[in-house]
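Trainee: pasting the structure only:
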């Protein structure tokens, strides 16, 4: 009798722990920047006198979050051996991560395109979507931590 | 860059976001296509005796946390492991295991499929 084994990576040239560590460190940049952007944009929405200053900081944070999201996604995919979905906890993590990535990039693009020229209702919609993005990013971070640290 | 109208900015955001998703998905598909051949080569046969020995070692050292069915109790579910042999060996905490025991244990873990 012989047993057919599932595919496995026996190569020694790439250490998976390297990718796990890299992903773990890179993901914190977009997480921190998107939450920071949401905070400053909300402050700018509330404080009319400092709207421009808060807006500049918020849009820069969002731009950095957008750039950082690419690094986080690529290192994450390398960690999961380029599996975009997976199952169980990995699938849950990806279901949070993919929409988060799309929304961060979309929000950053919109913010840079309109700069200060958005109407108040449009900005309110923008803030609502950013709150949703923060929730999704939080979910991705939570499920990612469970993946690394165990259930 | 001149400020765009809100509708144009929304369209631009949608396009950039979709293109970014496509770029990352595309790279994923490309890398998987390149590496799929080497993965197929890595499929191996293991003689049943190695698997039986691996199961014996598993029962002795691992069931306390991972359970007899290896579905995980305190430890994780060990079915369909995606990690490479090298990483699994690093994770196994029982340093008393000899090289042959480790090889048998990893061989047994590779047989665990959902």
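Mentor: Cool, the structure landed. Small disclaimer: the values here were computed from a predicted structure and weren't measured.
Trainee: Do me a favour and get the end-to-end distance for stretch A:42-60?
Mentor: 14 Å (C-alpha to C-alpha, to the nearest Å).
Trainee: Please state the mean pLDDT value computed over it.
Mentor: The pLDDT scores in stretch A:42-60 average 93.
Trainee: residues in contact with that stretch?
Mentor: A:36-41, A:111-112, A:115-116, A:123-124, A:127 (C-beta atoms under 8 Å, 6 or more residues apart in numbering or on different chains). Yep, even glycine has a C-beta here, placed from its N, CA and C like the rest.
Trainee: could you pull out the helices for chain A?
Mentor: Here chain A has its helices, by DSSP state H, at A:16-26, A:28-46, A:51-79, A:88-114, A:120-149.
Trainee: Which secondary structure elements does the longest one sit against?
Mentor: This means helix A:120-149. Under the contact criterion of 3 or more C-beta pairs under 8 Å, 6 or more residues apart in numbering or on different chains; DSSP states H and E, helix A:120-149 touches helix A:28-46, helix A:88-114.
Trainee: tell me the angle it makes with helix A:88-114.
Mentor: Here the directions of helix A:120-149 and helix A:88-114 differ by 150 degrees (axes from the mean of the first three to the mean of the last three C-alpha atoms, to 10 degrees).
Trainee: What is the burial count for residue B:99?
Mentor: Neighbours of residue B:99 under the rule other C-beta atoms under 10 Å in any protein chain shown: 8.
Trainee: That one and residue B:87: what is the separation?
Mentor: As judged by C-beta to C-beta, to the nearest Å, residue B:99 and residue B:87 stand 17 Å apart.
Trainee: what's near enough to touch residue 102?
Mentor: Because you didn't say which chain, this covers chain A. Residue A:102 touches B:17, B:18, B:20, B:21, counting by C-beta under 8 Å, 6+ apart.
Trainee: should've been chain B
Mentor: Contacts of residue B:102 by C-beta under 8 Å, 6+ apart are B:89, B:92.
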